[in-house]
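Asks: Attaching a predicted model along with its sequence, questions to come.
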Amino acid sequence: MSSTAKDTAPATDTVAERPPVFSVDGLWKVFGPKAARVPADPELTALSPAELRSRTGCTAAVADVSFDVRKGEVFVVMGLSGSGKSTLVRCLTRLIEPTAGSIAIDGEDVRAMDKSRLRALRRHRAAMVFQHFGLLPHRTVLDNVAYGLEVQGMGRAERRERAAAIVAKVGLEGLEQRRPGQLSGGQRQRVGLARALAVDPEVLLFDEPFSALDPLIRRDMQEEVVRLHREEGRTMVFITHDLQEALKLGDRIALMRDGRVVQLGTPEEIVGSPADDYVREFVRDVPREQVLTVRTAMRPATSADEAGTGPAVRPGATVSEAIEAVARAGTSARVMDDGRCLGVVDAADLLSVVAGTATAPATATGKHREPTTPDAPTTEEPV
Ligand SMILES: Nc1ncnc2c1ncn2[C@@H]1O[C@H](COP(=O)(O)OP(=O)(O)OP(=O)(O)O)[C@@H](O)[C@H]1O
């Protein structure tokens with residue numbers, strides 16, 4: 001795969017070490033009569049969605065969900081239609097009122113916020129980009145983008161200047177004076193994105209923003225998100241039902257089914273170590289070599305010679321990239337991190353990953369195999 005949002009994480013820290021922006025714990029959203037009794041009753045929480053519906057008339061759109069969104073990560077919420085993605089993300093800023101559980105942003109209790117605090121949360125701290133743009137039809141592109149700043153009370157000259165800079169940033173330069181009706185779907189979505197960015201929110205929430213776009217424009221917009229993330233490192237929560245999109249954009253993915261998170265992990269963990277048959281079926285057709293990294297495939301070097309020769313690859317290089325390096329060199333490759341050889345991969349190791357016969361990725365447990373070779377400094381740039 002080409003450049004992805006994941007490449008943007010600084011090499012010196014891991015996502016797991018960053019502080020959470022959103023912390024969600026035991027969250028429930030139940031629709032239906034006397035919804036509040038459902039999360040509190042173990043007999044009801046144990047029911048399947050169909051049983052719960054027939055017994056109580058309730059739907060648990062979000063059922064006992066817990067996760068952190070960490071600073072600077074792209075956190076993807078993925079699942080089929082009706083799995084609870086939109087409800088979950090709307091609960092984060094209480095566009096939908098949760099039934100039970102806790103939500104904090106930077107440690108502040110979202111469920112305890114009053115109306116004005118909530119308004120500030122949605123306007124300044126966690127801006128949403130919607131699928132249907134939500135643009136004001138009678139306003140120009142520039143004024144649509146400036147709208148959030150106007151609401152914040154920023155003066156006209158300053159907000160227009162800031163809006164113009166953001167319009168240029170999302171590739172809409174020259175279209176400032178058009179109205180939404182004079183734009184393509186992709187351009188309109190860029191305006192929606194620019195409007196959310198203009199208020200400089202701590203978190204951007206995307207609700208399936210690209211699902212109405214045709215595939216090429218959709219890919220453009222995905223690249224745009226990757227680029228913005230790379231340039232700004234902004235925290236993003238991204239809803240999608242599209243697995244390719246999730247794998248491309250997500251640092252971590254929460255895979256939902258019937259309101260529950262069935263697996264939460266990196267793309268590599270989800271593809272390499274599916275938590276159950278449902279996830280396995282979901283990721284069955286993913287080209288593993290484009291998602292799994294050489295960390296999954298590497299093994300200790302068997303000799304000093306093997307540890308000291310062969311092309312160098314980064315630990316985060318995909319198996320596909322390593323196959324190319326190994327094929328070109330005709331030898332095994334060394335997995336190099338900061339001048340240290342972590343292990344080696346040869347053609348057979350790499351093929352076993354493609355075939356799905358390799359053991360689960362080491363990243364699934366957060367542990368990497370220990371390097372077997374003492375520091376073997378290199379001046380080469382790893383692939
Ligand atoms: N206002 C509501 N009243 C009753 N049930 C609701 C309501 N909103 C959502 N639901 C139900 O909650 C479940 C989750 O819906 P939600 O819209 O969150 O799913 P989703 O994964 O975002 O789906 P999609 O991808 O189709 O948007 C569904 O079963 C839906 O029918």
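Replies: Ah, there it is.
Asks: quick one, longest helix in the chain?
Replies: Across the chain, the longest stretch assigned as helix under DSSP state H is helix 215-232.
Asks: Residues in contact with that helix: which ones?
Replies: 3-5, 7-8, 74, 169-171, 184-186, 189-190, 193, 197, 206, 209-211, 213, 234, 236, 238, 245, 248-249 (CB atoms under 8 Å, 6 or more residues apart in numbering). In this view, the C-beta of every residue, glycine as well, is placed from N, C-alpha and C.
Asks: That helix: how far from the chain's middle?
Replies: 13 Å (CA atoms, centre = their mean, to the nearest Å).
Asks: that older thread, in ChimeraX, how would I select just the buried ones from the contacts of helix 215-232?
Replies: Buried residues among these (16 or more other CB atoms under 10 Å), as a ChimeraX selection:
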select :4,5,8,74,169,170,171,186,189,190,193,197,206,209,210,213,234,236,238,245,248,249
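Asks: Strands - which of the contacts of helix 215-232 land there?
Replies: In strands, defined here by DSSP state E, the members of the contacts of helix 215-232 are 74, 206, 236, 238.
Asks: I'd like to know how many residues surround the residue in the stretch 201-350 of the chain that the ligand sits nearest to.
Replies: Among the residues of the stretch 201-350 of the chain, residue 241 lies nearest to the ligand; the distance is 5.0 Å by CB to the nearest ligand atom. Residue 241 has 17 neighbours, counted by other CB atoms under 10 Å.
Asks: for residue 302, same thing?
Replies: Residue 302: 12 neighbours (other CB under 10 Å).
Asks: and it, helix, strand or coil?
Replies: Of the three states, residue 302 takes coil according to DSSP: H, G, I helix; E, B strand; the rest coil.
Asks: Contact partners for it?
Replies: By CB under 8 Å, 6+ apart, the contact set of residue 302 is empty.
Asks: check contacts around residue 319.
Replies: 288, 289, 290, 292, 293, 294, 296, 297, 350, 353, 354.
Asks: at 10 Å instead, please
Replies: Residue 319 makes contact with 287-297, 313, 345, 349-354, 358 under the criterion CB atoms under 10 Å, 6 or more residues apart in numbering.
Asks: swap in residue 62?
Replies: 24, 27-31, 39, 83-91, 96, 98-101, 256, 259-261 are the contacts of residue 62 under CB under 10 Å, 6+ apart.
Asks: which among these end up buried?
Replies: 24, 27-30, 39, 83-91, 96, 98-101, 256, 259-261.
Asks: which of those residues come close to the ligand?
Replies: Among the buried ones among the contacts of residue 62, proximity to the ligand is found for 83, 84, 85, 86, 87 (CB under 6 Å from any ligand atom).
Asks: Output those in TSV; the columns should cover pLDDT.
Replies: Listed next are those as TSV, based on pLDDT from 0 to 100:
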residue	pLDDT
83	95
84	96
85	95
86	94
87	96
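Asks: could I get the residues you listed as a markdown table with secondary structure and distance to residue 148?
Replies: Converted to a markdown table, those look like this (DSSP: H, G, I helix; E, B strand; the rest coil; distance: CB to CB, whole Å):
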| residue | secondary structure | distance to residue 148 |
| --- | --- | --- |
| 83 | coil | 30 |
| 84 | coil | 28 |
| 85 | helix | 24 |
| 86 | helix | 22 |
| 87 | helix | 24 |
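Asks: Near the ligand, which residues of the chain? Just list them.
Replies: So the chain meets the ligand at 31, 59, 61, 79, 81, 82, 83, 84, 85, 86, 87, 241 (CB under 6 Å from any ligand atom).
Asks: could you dump those to JSON lines with distance to residue 306?
Replies: Listed next are these as JSON lines, based on distance: CB to CB, whole Å:
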{"residue": "31", "distance to residue 306": "59"}
{"residue": "59", "distance to residue 306": "57"}
{"residue": "61", "distance to residue 306": "54"}
{"residue": "79", "distance to residue 306": "44"}
{"residue": "81", "distance to residue 306": "50"}
{"residue": "82", "distance to residue 306": "51"}
{"residue": "83", "distance to residue 306": "46"}
{"residue": "84", "distance to residue 306": "49"}
{"residue": "85", "distance to residue 306": "46"}
{"residue": "86", "distance to residue 306": "51"}
{"residue": "87", "distance to residue 306": "52"}
{"residue": "241", "distance to residue 306": "44"}
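Asks: Now the two most distant members of these.
Replies: Distances among those were taken as CB to CB; the most separated pair is 31 and 241, at 19.9 Å.
Asks: So, low pLDDT: which residues of the protein?
Replies: 1-15, 132-133, 358-383 (pLDDT under 70).
Asks: which residues in it form strands?
Replies: Under DSSP E, the chain gives strands at 20-31, 59-70, 74-79, 100-105, 108-109, 126-129, 203-207, 235-240, 252-257, 260-265, 312-313, 333-337, 340-345.
Asks: now these as TSV including distance to residue 148?
Replies: Below are the strands of the chain laid out as TSV (distance: least, CB to CB, whole Å):
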stretch	distance to residue 148
strand 20-31	19
strand 59-70	22
strand 74-79	22
strand 100-105	18
strand 108-109	21
strand 126-129	7
strand 203-207	12
strand 235-240	17
strand 252-257	28
strand 260-265	31
strand 312-313	44
strand 333-337	42
strand 340-345	46
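Asks: Start and end of stretch 71-81, how far apart?
Replies: Its first and final residues considered, stretch 71-81 spans 28 Å by CA to CA, to the nearest Å.
Asks: what about that stretch, distance to the chain center?
Replies: Using CA atoms, centre = their mean, the offset of stretch 71-81 from its chain centre is 4 Å.
Asks: picking up where we left off before, report the buried members of the contacts of residue 319.
Replies: Using 16+ other CB under 10 Å, the buried members of the contacts of residue 319 are 288-297, 313, 345, 349-351, 353-354, 358.
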